[in-house]
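1. Kindly return the folded structure for what I paste below:
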Amino acid sequence: MTTREVEHEITVGAPAAAVYRLIADVVNWPRIFPPTIHVDQVEHTGAEERIRIWATAHGEAKNWTSRRTLDAQGLRITFRQEISHPPVAAMGGAWIIEPLGDHKARVRLTHDYRAVDDDPEGLAWIDEAVDRNSRSELAALRTNVEAAHAAEDLTFSFTDSVTVTGAAKDLFDFVNEADRWAERLPHVASVRLTEDTPGLQTLEMDTRAKDGSTHTTKSYRVTFPDRRIAYKQVTLPALLTLHTGVWTFEETGEGTVASSQHTVSLNTDNITAVLGPEATVADARTYVHTALSTNSLATLGHAKAYAETLAGERG
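-> Model prediction:
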């Protein structure tokens, strides 16, 4: 079996320990790595953890499970895919962070991998995907680590919730069945939903703004039946450089709480072009928060009506 070993590196204008922490906490990954859609920490014992990752390669959404060993003292994180998907037969590597003074670090990303049946075309596909994703991840890592030091107020999260006298499954179904949103949601003009891999969706949607205009968005969604749907928007409006979110459905003693959580990063380069020459970061935060909450609450309201109607029919 042929094992390929490759290495990519980049220099980051931030302390090595800060870079390590950002990579070590997988919650950050959809925010700092463009190919990453969603990451779940499945197990965590001491320095060992098992994570499940959903990401794109060559525009295709894939998922896999990896085991990682975290070495905070050595500023090193090793990883190994538990179950790889064709054309990958095996994949592993390491993040190695090396201090270059107090405020600069070198980040090395190594990979070793094999193709299924040593297939040359499969190996070429992996070569290109690893090279493209590694360059993308390292460039994004540098941009986001450095930006985090300069402007912490540009990334923020918020949640909208409704309490429903209905079942979590019905609420989940309403959000999961996005292919029916054009008939169910007034602000949605048209939808294209594909789910080639169960639980991994590609959603393209045309939505209507208050002024009558429509805009198109594309998102990748990861579904966890009856509990939550995580997503990452990959076509972004001018005011954003990031938009991720999670729909959650939790049954409580008071009813089922349906929530829509958003995490966004503002694109400061476009604030005045979109909102006017006097507009500030605070204005952009308010505008984005209001726009996203309006759509979320509209969707949650229709989901609530749908679930409560079904609950009433069941008696």
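
2. A298 and G245: what is the separation?
-> 15 Å (Cβ to Cβ, to the nearest Å). C-beta here means a position set from N, CA and C on the backbone, and glycine is covered the same way.

3. ok, those two, which is more surrounded?
-> G245 (21 against 14; other Cβ atoms under 10 Å).

4. Show me what the mean pLDDT comes to for the helix or strand hosting that one.
-> Assigned by DSSP states H and E, G245 belongs to strand 240-252. For strand 240-252, mean pLDDT is 95.

5. could you dump that strand to CSV, C-alpha only?
-> Provided in CSV are the C-alpha atoms of strand 240-252 (Å, rounded to 0.1, in the frame of the first residue of the first chain):
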residue,chain,number,x,y,z
LEU,A,240,-21.3,39.0,6.6
THR,A,241,-18.1,36.9,6.4
LEU,A,242,-19.7,34.0,8.4
HIS,A,243,-23.1,32.6,9.2
THR,A,244,-23.6,29.4,11.1
GLY,A,245,-26.6,28.2,13.1
VAL,A,246,-28.5,25.5,14.9
TRP,A,247,-32.2,24.7,15.1
THR,A,248,-33.0,22.8,18.4
PHE,A,249,-36.1,21.2,19.6
GLU,A,250,-36.3,20.3,23.3
GLU,A,251,-39.4,18.8,25.1
THR,A,252,-39.8,20.3,28.6
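
6. for the stretch 1-150 of the chain, which spans come out with low pLDDT?
-> Along the stretch 1-150 of the chain, segments meeting pLDDT under 70 span 148-150.

7. And the strands in this structure?
-> 4-12, 36-45, 48-57, 60-71, 76-83, 88-99, 105-115, 155-164, 188-197, 200-208, 214-224, 228-233, 240-252, 255-266 (DSSP state E).

8. now the strand holding G245 against strand 36-45, angle please.
-> Angle, strand 240-252 to strand 36-45, by axes from the mean of the first three to the mean of the last three Cα atoms, to 10 degrees: 50 degrees.

9. ok, F156 - contacts?
-> With contacts defined as Cβ atoms under 8 Å, 6 or more residues apart in numbering, F156 is in contact with T263, V264, R285, H289.

10. Could you check how far it is from A147?
-> F156 is 14 Å from A147, by Cβ to Cβ.

11. Which residues does stretch 275-295 contact?
-> Outside stretch 275-295, the residues that touch it by Cβ under 8 Å, 6+ apart are 153-154, 156, 158, 160, 187, 207, 239-240, 243, 262, 264, 266, 268, 271-272, 274.

12. Report the backbone C-alpha coordinates of stretch 194-212 in CSV.
-> Provided in CSV are the C-alpha atoms of stretch 194-212 (Å, rounded to 0.1, in the frame of the first residue of the first chain):
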residue,chain,number,x,y,z
THR,A,194,-30.8,17.6,-1.9
GLU,A,195,-29.8,14.9,0.6
ASP,A,196,-27.6,12.4,-1.2
THR,A,197,-26.2,11.2,2.1
PRO,A,198,-28.8,10.7,4.9
GLY,A,199,-28.6,13.5,7.4
LEU,A,200,-26.4,15.7,5.2
GLN,A,201,-28.3,18.3,3.1
THR,A,202,-27.6,21.0,0.6
LEU,A,203,-30.1,23.8,0.7
GLU,A,204,-30.4,26.5,-1.9
MET,A,205,-33.2,29.1,-1.2
ASP,A,206,-34.6,32.3,-2.7
THR,A,207,-36.0,34.5,0.0
ARG,A,208,-38.0,37.7,-0.3
ALA,A,209,-37.0,40.9,1.5
LYS,A,210,-39.4,43.5,2.9
ASP,A,211,-38.7,45.7,-0.2
GLY,A,212,-39.8,42.9,-2.5
